[in-house]
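Student: missing the sequence, but the structure's below:
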């Protein structure tokens with residue numbers, strides 16, 4: 001976008017960003033990115049289950065640690081007994097941290113990679129949980145990923161109560 005803006009300003013004089021954006025749209029130089037496929041949404045009910053290891057929930061929160069700056073805590077919670085299965089504390093909130101927390105949770109519950117199970121992982125619509133790295137690991141553990149419906153924070157209540 002900066003390169004195109006520089007070219008337009010060089011060839012057509014100084015214009016504000018709205019005019020440049022309009023020129024880009026009129027000439028068809030702007031590429032609109034459509035979402036890739038459908039994200040499986042959770043129905044309107046709460047995240048409850050009667051058996052262990054049937055539905056887990058994962059979320060990340062940010063914690064300010066004084067002069068060390070912001071850190072990130074990722075926790076995996078079992079929706080049946082609402083206990084923390086595993087967690088990771090890191091200075092980066094990347095998908096690697098969430099993936100490591102998920103892998104540690106599988107080790108804690110002694111579930112092997114690639115073994116068929118009926119486990120679902122419930123998360124919010126964060127970029128970390130929709131990343132290629134996280135979904136690849138989730139598929140490797142035969143997890144079905146569920147995302148909350150946008151703008152419905154009540155579906156996220158069980159996780160947020162922990163944080």
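Tutor: Thanks, I have it. Values in this document were obtained by computation on a predicted structure and should not be read as measured data.

Student: what about residue 23, helix or strand, and which?
Tutor: Residue 23 is part of helix 17-26, with elements assigned from DSSP states H and E.

Student: Just the buried residues of that helix, please?
Tutor: Buried residues in helix 17-26, defined by neighbour count with 16 or more other CB atoms under 10 Å: 20, 23. (Glycine included, C-beta is placed from N, CA and C.)

Student: immediately after it, which helix or strand?
Tutor: Note on helix 17-26: by DSSP H and E, the next helix or strand toward the C-terminus is strand 55-64.

Student: before we move on, back to that, by contact count, what packs against the helix holding residue 23?
Tutor: helix 2-12 (3 or more CB pairs under 8 Å, 6 or more residues apart in numbering; DSSP states H and E).

Student: Return the distance of the helix it packs on from the chain's centre.
Tutor: 36 Å (CA atoms, centre = their mean, to the nearest Å).

Student: and it with helix 17-26, angle?
Tutor: Orientation of helix 2-12 against helix 17-26 (axes from the mean of the first three to the mean of the last three CA atoms, to 10 degrees) gives an angle of 100 degrees.

Student: buried stuff in helix 2-12?
Tutor: residue 8.

Student: just stretch 118-131 next, same as before
Tutor: The neighbour-count check on stretch 118-131 (16+ other CB under 10 Å) flags 119-124, 126, 128-131 as buried.

Student: Format those residues as CSV; extra columns: secondary structure.
Tutor: Below are the buried residues of stretch 118-131 laid out as CSV (DSSP: H, G, I helix; E, B strand; the rest coil):
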residue, secondary structure
119, coil
120, strand
121, strand
122, strand
123, strand
124, coil
126, coil
128, coil
129, coil
130, coil
131, coil
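
Student: so can I have TSV of those showing distance to residue 67?
Tutor: Output for those, formatted as TSV (distance: CB to CB, whole Å):
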residue	distance to residue 67
119	40
120	40
121	35
122	35
123	31
124	29
126	27
128	26
129	30
130	32
131	30
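
Student: Closest to residue 30 out of those residues?
Tutor: Of all the buried residues of stretch 118-131, residue 30 sits closest to residue 130, with 23.9 Å by CB to CB.

Student: And the pLDDT for residue 41?
Tutor: What the model reports for residue 41 is a pLDDT of 64.

Student: And for residue 83?
Tutor: Note for residue 83: predicted pLDDT of 89.

Student: Tell me how many other residues crowd it.
Tutor: Using other CB atoms under 10 Å, residue 83 is surrounded by 8 other residues.

Student: Done for today, thanks.
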